[in-house]
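J.: need coordinates for the below:
(chains A, B and C)
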Amino acid sequence: MDDGESSSTNNSSRPWESYNTVFTNAKAGMEGVDKEKVQRIVYEMSKGSKYFQNEERKEALMKQKIEHMRDRCAKLSSSDLTNYQKVVDRRILELEATRDLSKIWLHVDMDAFYAAVETLSNPSLKGKPMAVGGLSMISTANYEARKFGVRAAMPGFIARKLCPDLIFVPVDFTKYTHYSDLTRKVFGNYDPNFIAGSLDEAYLDITEVCRERGLSGGEIADELRASVHSETGLTCSAGVAANRLLAKVCSDINKPNGQFVLQNDRSTVMTFISSLPIRKIGGIGKVTEHILKDALGIKTCEEMVLKGSLLYALFTQSSADFFLSVGLGLGKTDTPQARSRKSISSERTFAATGEERLLYSKLAEIAEMLSHDMIKEGLTARTLTLKLKTATFEIRSRAVSLQRYTCSSEDILKHATKLLKAELPVSIRLIGLRMSQFNEEIRNSDPSQETITKFIVQKDSSMQNLDDHDSVDLDGLSHDESLISFGSHDTSYAQLKDVVENEEQSEIEAEKLIPNQECEKREERPQALRGDALLIKHKECKPDTAVSLLPQMEPLFWVDGYKCNLCGIELPPSFVEERQEHSDFHLAQRLQNEESRSSSSTTPSSKRRILGKEKRNSKAKKQKSDEKDVSKHIPIHTFFTKSNQNSNETQRK
DNA sequence: GGGTGGGACAATC
DNA sequence: TTCCAGATTGTCCCACCC
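T.: All right, here's what the predicted structure looks like:
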């Protein structure tokens, strides 16, 4: 939808015109596309579906937000605007002071990457319209397919309608990773600290290499692209500019197999940015574009500066700052420290169902996948988030923070089951699980300790079965067996239900016995300390030799002088520290299990149910009040509008 | 009253 | 015939604690 005034009611003869789809947005290779035809087909294929209804619901909400913003805009007095303009003027000076034109950044973007890789391995696809993905969703399309309006993130069945001869090729990440590695080897020759955006794009600081070799940014880009082509047989496009934001915009200009250089001087940058549509900026998507366009009439980056006072009046400071810096053509010029991931997740879509057994079975599969990924990455975490997409495409998420770090599929499943249970009955089409709040001690451990870390992480998962009564009782089955049996046998489902229900009872009882605060305090201590505490608590424990970790636990000793009797890990006697750590690990493990037994490992579910209810109630109340004050209901990505004008003014003072 | 962490959810690629 | 992904991040609100 290009016009905020249009709606499905005043376009009855051409209803598709108001259907807000991303599939008609400008994308490389789609210049000659009959947008109206694409939009009509997408509309015809979608209308009436649950997906469509949900889109309409979201659209209505967005319109409401836009209306509200317009209202607030209209209410601003001239003195308000004068004051906000002063803020803008000051911020412009501050932002200008940070402008750095000394760097040369290069953004490389592979052309239709997945599709190009598939064509390399199957040359018969050359020249034919092809998409990587399936009928439900396609990941990318080659340029022949794009001529028909087919593009990434489009459902395959719609793509086939647009292009009946479209060839579908299944996604093969192993292949793409291989080619991505080849490109990265080339990138590394120009900037060893390059930033990989994704498999198919990267940012390189080529300031040094330009200086050393006396070449311009454009010449380096030329050489790099030729090098990527000779190493991989793939083409890429590049953008060269003073910062990453601009370089990314530039790499899209002469796509495919081209490049664009933006000179590093202020006036060239300002001219370039002045007419640039806001949607070209990374971070401004469909929603933000609509809000800025329809509520404030901002279509180009230049207008972000011209209407800066409105932005500061209506958005939060951080959002307004971002918009203003975009309008000034500013972007990041430093090479950030390697960003560490903050969460890890796994989700799957399936035919919508409300059948509990099926849902629990899916949950078990996803918990297993997530656990597997965590072990592979050497991560343990303590916040679990369950994501659900209902049959009506409504997204729900429910989270719980655990008292200990874990990566075990049993732990994940146990808590995820509780979260899911609270949502039932509901018909669901997607389940996702996410773990966040990583244990930094394990992640940042000395590489020389990698073996032991890996061991801890792996065993943290597998050991749960052995001695954690709190975990789902798997009757001594191995991981794989447990998964299979869970997914396919009624008994496993019944077991899980029982475990969850019994546990709730024990949690309620435990809550009576142990004050929650005490558990939290203990949780704050690092694991090693907790082990020490246990040693103090149980003075009969003696390190190494035959260590009795707890009176009721089998003592630890080294079989044949090198093999742990509890888990089988092999550590020669010379590995003194590792052995100590290892016995600490068993101690900590044991203590955690003890804690789990004697107290709730999460918020007691009885309490949680009440809390949940209160929360839902307060949420319902909130929604009601939001109907009155829509500004509280505009959580649009980074660009949150101010929830409260007064609070913002206070902030500014 | 300010700081902080948990939880929900929207946004992007 | 088929009927809209998956992964990750950022920001807000709110409850709780000091």
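
J.: going forward, measure contacts between C-alpha atoms and count neighbours the same way
T.: Noted.

J.: would you tell me which helix is longest in chain A?
T.: Secondary structure of chain A per DSSP state H: the longest helix is helix A:50-75.

J.: quick one: average pLDDT of stretch A:145-164?
T.: When pLDDT is averaged over stretch A:145-164, the result is 87.

J.: quick one: is it near DNA strand B?
T.: No - Stretch A:145-164 is not in contact with DNA strand B by Cα under 7 Å from any atom of the strand; minimum separation 7.8 Å.

J.: list the buried residues of stretch A:157-167.
T.: Within stretch A:157-167, the residues that count as buried by 16 or more other Cα atoms under 10 Å are A:Phe157, A:Ile158, A:Ala159, A:Arg160, A:Lys161, A:Leu162, A:Cys163, A:Leu166, A:Ile167.

J.: what packs against the longest helix of chain A?
T.: In terms of contacts (3 or more Cα pairs under 8 Å, 6 or more residues apart in numbering; DSSP states H and E), helix A:50-75 is packed against helix A:308-314.

J.: which positions within the helix it packs on qualify as buried?
T.: Across helix A:308-314, burial judged by 16+ other Cα under 10 Å covers A:Gly308, A:Ser309, A:Leu310, A:Leu311, A:Tyr312, A:Ala313, A:Leu314.

J.: send me it as CSV with only the CA atoms.
T.: Presented in CSV, the C-alpha positions along helix A:308-314 are these (Å, rounded to 0.1, in the frame of the first residue of the first chain):
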residue,chain,number,x,y,z
GLY,A,308,13.7,16.3,12.8
SER,A,309,11.6,18.2,15.3
LEU,A,310,8.7,15.9,14.6
LEU,A,311,10.9,12.9,15.0
TYR,A,312,12.1,14.1,18.4
ALA,A,313,8.6,15.0,19.4
LEU,A,314,7.1,11.6,18.5
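
J.: what does it rub up against?
T.: Contact partners of helix A:308-314, identified using Cα atoms under 8 Å, 6 or more residues apart in numbering, comprise A:69, A:72-73, A:81-82, A:84-85, A:87-88, A:296, A:304, A:320, A:323-324, A:641-642.

J.: check whether the strand or helix carrying A:Arg404 contacts DNA strand B.
T.: Per DSSP states H and E, A:Arg404 falls inside strand A:395-406. Yes - counting by Cα under 7 Å from any atom of the strand, contacts between strand A:395-406 and DNA strand B involve A:Ile395, A:Arg396, A:Ser397, A:Arg398, A:Ala399, A:Val400, A:Ser401.

J.: isn't A:Pro129 right up against A:Leu162?
T.: No - using Cα atoms under 8 Å, A:Pro129 is not in contact with A:Leu162; the gap is 11.1 Å.

J.: before we move on, the earlier item: of the contacts of helix A:308-314, grab the buried ones for PyMOL.
T.: Here is the PyMOL command that selects the buried residues among these (16+ other Cα under 10 Å):
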select buried, chain A and resi 69+72+73+81+84+85+87+88+296+304+320+323+324+641+642
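
J.: now, which of the contacts of helix A:308-314 lie within helices?
T.: Counting by DSSP H, the part of the contacts of helix A:308-314 found in helices is A:69, A:72-73, A:81-82, A:84-85, A:87-88, A:296, A:304, A:320, A:323-324.

J.: quick check, nearest of these to A:Thr271?
T.: A:Met304 (14.1 Å; Cα to Cα).

J.: with adjacent residues omitted, what lies nearest to that closest one?
T.: A:Gly327 (5.3 Å; Cα to Cα, 6 or more residues apart in numbering).

J.: now chain A, which segments are flagged as low pLDDT?
T.: Low-confidence segments of chain A (pLDDT under 70): A:1-33, A:337-339, A:441-653.

J.: pull out the buried residues from the helix or strand harbouring A:Glu94.
T.: Element membership of A:Glu94, judged by DSSP H and E, is helix A:78-97. Buried residues in helix A:78-97, counted by 16+ other Cα under 10 Å: A:Leu81, A:Tyr84, A:Gln85, A:Val87, A:Val88, A:Arg91, A:Ile92.

J.: what's the answer for stretch A:206-226, then?
T.: By neighbour count with 16+ other Cα under 10 Å, stretch A:206-226 contains the buried residues A:Ile206, A:Thr207, A:Val209, A:Cys210, A:Ser216, A:Gly217, A:Gly218, A:Ile220, A:Ala221, A:Leu224, A:Arg225, A:Ala226.

J.: need the max-distance pair from those.
T.: With distances taken as Cα to Cα, the most widely separated pair in the buried residues of stretch A:206-226 is A:Thr207 and A:Ala226, at 19.3 Å.

J.: report the angle between the helix holding A:Glu94 and helix A:50-75.
T.: Orientation check (axes from the mean of the first three to the mean of the last three Cα atoms, to 10 degrees): helix A:78-97 against helix A:50-75 gives 110 degrees.

J.: can stretch A:376-390 be found next to DNA strand B?
T.: Yes - applying Cα under 7 Å from any atom of the strand, one finds that stretch A:376-390 is in contact with DNA strand B at A:Thr383, A:Thr385.

J.: what does that stretch contact?
T.: Contacts of stretch A:376-390 (Cα under 8 Å, 6+ apart): A:352, A:374, A:395-407, A:412, A:415-416, A:419-420, A:426-439, A:442-443, A:453-454, A:457.
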